[in-house]
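Chemist: this one's structure only:
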């Protein structure tokens, strides 16, 4: 046992969620160590495309002890800018981060402790906080057999110049899929977009950013306790929007009608690719109609809120998008005949906690938990999609989940109500 290190708490993951937990543990004077397989904010460094900006405006970039105080609160940080800010955040409270350390497994010792086995040795601890985020490996659609084109997961996509020549089939029309399809089309590529379930929203509505409405109406603060079907909410597709860096473009919607108008071909959900032929379901119209119904329900709730709050004279008049009919979509495409040399997979990610061999995972691989407390002593999770609040998957929401987790870790109980974070501006 002489080679085993002892630490009270190990946080796995040095992204925004893990650092939020570390800040609160530091404030409490609790010994801990943050491990990451790469550097601080590694996924934002290595698994994002070059032009990516956050979907949330900068005023929503808030963590315990820190919030954005730059000159453009309505802007959208790039991935590189976020990495820099998270690095500064870690330095600001001397976060005990150990980088380039891969966790291989977490094994219970039988004494309410765990051995965290890494490629650099073993750490014995009483508490493990899983802060690896909701994004595991890319989901790979079934039925891909002998694909005669390059297959690129969205996590490996960087820019159009690094793809094989020719057109691109993008699979998935949620946040990543529509942004990648948009960038490829603007670069001059022919693009086919396979559309499944998606969430259509406007970037701005009645003159205000979407997230102003979501925050003001309380939608982001809704918890799983208020829902009939929490698991269904956790499976909701990500928002179909983009954060544009140029202030002149910030109100631009990124939706299927706009992409279609610019020449992106829309087809139904990908059923499979056999050799050089891709087949698609006859469900494009159904997905479009479902998304539009959800859009109008959301905008209706915003209108009712504006009326209740007497904002009619302060916001722009309500305008709604009209019907969208893209025309009949093909059910089969021969990739070579269409000039398609690359298939980009942007159909979401699947949880992967294979390194955590404890009986606490659900059938889909996610960790079973309530407000971050897993059904095993001393095991916690933070930063999952809709972990407790609707905003849990956003940077801004991790502060609430981190506070729940740290409160339970320190006291053995969860706070009865939301506790305001002790935020201070960054230097």
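Modeler: Sure thing, it's come through. Bear in mind the structure is a predicted one, so any value in this text is a computation, not a measurement. Numbering: from 1, shown residues only.

Chemist: domain map for this protein?
Modeler: Following automatic domain parsing, one gets these domains for the chain: 4-136+350-411, 144-345.

Chemist: helices along the stretch 201-350 of the chain, start to end?
Modeler: 210-216, 230-234, 256-261, 284-308 (DSSP state H, counting those that start in this stretch).

Chemist: quick check: buried residues in the second one?
Modeler: If I follow you right, that is helix 230-234. Counting neighbours by 16 or more other C-beta atoms under 10 Å, one finds that the buried residues in helix 230-234 are residue 234. Quick note: C-beta positions are derived from backbone N, CA and C, even for glycine.

Chemist: how far is it from where the chain is centred?
Modeler: 15 Å (C-alpha atoms, centre = their mean, to the nearest Å).

Chemist: what is that helix packed up against?
Modeler: Using 3 or more C-beta pairs under 8 Å, 6 or more residues apart in numbering; DSSP states H and E as the contact test, no helix or strand touches helix 230-234.

Chemist: what lies in contact with it?
Modeler: By C-beta atoms under 8 Å, 6 or more residues apart in numbering, the residues outside helix 230-234 that reach it are 224, 227, 366, 384-386, 390.

Chemist: filter these down to the buried ones.
Modeler: By 16+ other C-beta under 10 Å, those give 224, 366, 384-386, 390 as buried.

Chemist: among those residues, which two are most distant?
Modeler: Using C-beta to C-beta, the pair of these lying farthest apart is 366 and 390, separated by 16.6 Å.

Chemist: and of the contacts of helix 230-234, the nearest to residue 331?
Modeler: Closest to residue 331, out of all of those and judged by C-beta to C-beta, is residue 385, at 31.9 Å.

Chemist: ok, the closest residue in space to the closest one that isn't next to it in sequence - how many residues close by?
Modeler: Excluding the flanking residues, the one nearest residue 385 by C-beta to C-beta, 6 or more residues apart in numbering is residue 393, at 4.0 Å. By other C-beta atoms under 10 Å, 22 other residues sit near residue 393.

Chemist: distance of residue 393 from residue 400?
Modeler: 12 Å (C-beta to C-beta, to the nearest Å).

Chemist: all strands for the stretch 301-427 of the chain, in order.
Modeler: 332-334, 340-345, 379-381 (DSSP state E, counting those that start in this stretch).

Chemist: deepest of those, which one?
Modeler: With neighbours defined as mean count of other C-beta atoms under 10 Å, the strands of the stretch 301-427 of the chain peak in mean count at strand 379-381, which reaches a mean of 25.

Chemist: surely residue 192 touches residue 264?
Modeler: Yes. If you go by C-beta atoms under 8 Å, residue 192 and residue 264 touch, sitting 7.5 Å apart.

Chemist: just name the closest of the contacts of helix 230-234 to residue 81, please.
Modeler: residue 385 (23.3 Å).

Chemist: right, and the closest one touches residue 134 too?
Modeler: Yes. Using C-beta under 8 Å, residue 385 makes contact with residue 134 at a distance of 4.6 Å.

Chemist: and the helices of the stretch 201-350 of the chain, which is most packed in?
Modeler: Scoring the helices of the stretch 201-350 of the chain by mean count of other C-beta under 10 Å, the most buried comes out as helix 210-216, with a mean of 20.
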